[in-house]
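Chemist: Please find the sequence and the predicted model below.
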Number of protein chains: 2
Amino acid sequence: MEKFRRLKEYFRGKVSLVSYSGGMDSLLVALVSRYYGRYTLAVTVDNGFFPEEVIKKGREIARRYGIDHKVVNFNYLRNRVICEINRNLKNRCYICKRHMAKILLEERERLRNTFNREVIVVDGTNYDDLSEDRPGIRAYREYGISSPLAELEIGKEEVKEILKFLGVPIPREDSCLATRILNPPITEERLKRVYEGERFLASYLGLEGYFRVRDFHNIALIQIEEKEIHKILDVNKFKEIDKRFKEMGFERVALTLR
Amino acid sequence: MEKFRRLKEYFRGKVSLVSYSGGMDSLLVALVSRYYGRYTLAVTVDNGFFPEEVIKKGREIARRYGIDHKVVNFNYLRNRVICEINRNLKNRCYICKRHMAKILLEERERLRNTFNREVIVVDGTNYDDLSEDRPGIRAYREYGISSPLAELEIGKEEVKEILKFLGVPIPREDSCLATRILNPPITEERLKRVYEGERFLASYLGLEGYFRVRDFHNIALIQIEEKEIHKILDVNKFKEIDKRFKEMGFERVALTLR
């Protein structure tokens, strides 16, 4: 709990803008900032890469805990950003976060003018995230966005612990749908399709752990972790999934182990 | 057996060059031509799209039945044809057969000079093959290559019947490996890899029916027909296959139903 104490210290007296997705990391940051800092605005950029439900859920959670929350609509799919990303899909996270950062800094300007004092911009990157090469983190660094959890060496398990301690239920992890599209172009249709596929699989097979539906040239690549893969290893279920996914518009349906 | 009688008639007195793959169709044509015609040369173009074993097996079968057999080496992978095919993968069958046809017509010239009489060039296309849109058939037509089985309305089942009647075992169906490569380029390495994968699967799972390993951007797409798919629906087998295929150089391994 020493780390939790230092996290509270981090925000004391400060006006913070939190890059907020509704996931457990940014929720913890927003909560601590809200209750121990001077003022907190949680900002979600609705860039079109997350399902509407996720944005809505984030809004509800923020409301439940009395966190001021603003959704900025900047749908990449309806502006030139998607072209930039589709030309350079491997750098999608970096490109995306750069645009996000710019928007967050604009919002910071507004907040600064309102409060007439310094505003810090922080995100939910935790200590464990640093061990992976996340180009998105690099972009945020370049724009001076800080990651208190990472700085205070608070990892994933500790985030869960603190939320538990605070009596806050851990929200379901929703990751960016764009990472499911393995070849360009990312389109609204393909994002919707992988999401629909994942929702169908989760309920049809009763999946609880990690699984993904990815779209590679209109092939649905279904990845289910080993301990749950037995749930799909049934000819009739596989046939039903094949049928449903083709109705969604996939051309082939394929099961992968990893 | 009326059709068999007409097939024998077809070759009576003729010198024939048979486009011979060692599969059941061209084997039947070569056999009937050999025993009821004047002279028969079976020609196999080794274009690099069939495994060596298949060429060898074809040669052995021809020898067993006393059919003169010539293998012409024209490996697409080592000349410009592969570029033509990779630029236009959807037309691969048409492009391939056009080159095959040219080689067969050259061989016909040689044979014509030797015998100083007309030589017909025939292939094994059967009546059932006509119902599919096979661009390869179109190419052969354009070059004046005839398909006696198709002309005499002898389908797949009748081919089997006649071979059985003649006491000739039905050879295993080996199809062109290039059809397994779903995106360009076709390379020797990728052809070898799908073949190796299919041989491994056949023996590891004891497959008897139709199955395919296809290569789509280095993903191994394993298709097993429904009545045998239970053989792979086992986590440990799937893991072993995943491991083996990755050793072969595939990046992902995926199971498809169709």
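Modeler: Nice, thanks for sending it over. Every value quoted in this text rests on a predicted model; they were computed, and no experiment measured them.
Chemist: where exactly do the helices run in the stretch 1-150 of chain A?
Modeler: For the stretch 1-150 of chain A, the helices defined by DSSP state H, counting those that start in this stretch cover A:2-11, A:24-36, A:52-64, A:81-87, A:92-115, A:135-142, A:148-151.
Chemist: residues near the residue of the stretch 101-250 of chain A found nearest chain B, how many?
Modeler: Among all residues of the stretch 101-250 of chain A, A:L233 sits closest to chain B, at 4.1 Å; criterion: C-beta to the nearest C-beta. Just so you know, the C-beta spots here come from the backbone N, C-alpha and C atoms, and that holds for glycine as well. By other C-beta atoms under 10 Å in any protein chain shown, 19 other residues sit near A:L233.
Chemist: ok, it - contacts?
Modeler: Contact analysis of A:L233 by C-beta atoms under 8 Å, 6 or more residues apart in numbering or on different chains lists B:L233, B:D234, B:V235, B:F238.
Chemist: swap the cut-off to 7 Å and go again
Modeler: Taking C-beta atoms under 7 Å, 6 or more residues apart in numbering or on different chains, we find A:L233 in contact with B:L233, B:D234, B:V235.
Chemist: ok, the last one touching A:E226?
Modeler: Yes - counting by C-beta atoms under 7 Å, B:V235 touches A:E226, with 6.4 Å between them.
Chemist: Just send the helices of the stretch 1-150 of chain A back as a markdown table, with distance to B:S203 too.
Modeler: Below are the helices of the stretch 1-150 of chain A laid out as a markdown table (distance: least, C-beta to C-beta, whole Å):
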| stretch | distance to B:S203 |
| --- | --- |
| helix A:2-11 | 56 |
| helix A:24-36 | 48 |
| helix A:52-64 | 47 |
| helix A:81-87 | 43 |
| helix A:92-115 | 42 |
| helix A:135-142 | 44 |
| helix A:148-151 | 51 |
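Chemist: Could I get the pLDDT score of A:G66?
Modeler: A:G66 carries a pLDDT value of 97.
Chemist: so what's the closest residue to it other than its chain neighbours up against?
Modeler: Spatially, and ignoring its direct neighbours in sequence, A:G66 is nearest to A:R34 (6.8 Å; C-beta to C-beta, 6 or more residues apart in numbering or on different chains). Listed by C-beta under 7 Å, 6+ apart, the contact set of A:R34 reads A:T40, A:Y65, A:G66, A:I67.
Chemist: which one of those residues has the most neighbours?
Modeler: Ranked by neighbours (other C-beta under 10 Å), the contacts of A:R34 are led by A:T40, which has 27 neighbours.
Chemist: Quick check: the gap between that residue and A:Y65.
Modeler: Separation of A:T40 from A:Y65 (C-beta to C-beta, to the nearest Å): 10 Å.
Chemist: A:F250 too?
Modeler: 39 Å.
Chemist: so which helix or strand takes in the closest residue to chain B within the stretch 151-258 of chain A?
Modeler: In the stretch 151-258 of chain A, the residue that lies nearest chain B is A:A254 (3.4 Å; C-beta to the nearest C-beta). Assigned by DSSP states H and E, A:A254 belongs to strand A:252-256.
Chemist: Taking their axis directions, that strand and strand B:252-256 sit at what angle?
Modeler: 130 degrees (axes from the mean of the first three to the mean of the last three C-alpha atoms, to 10 degrees).
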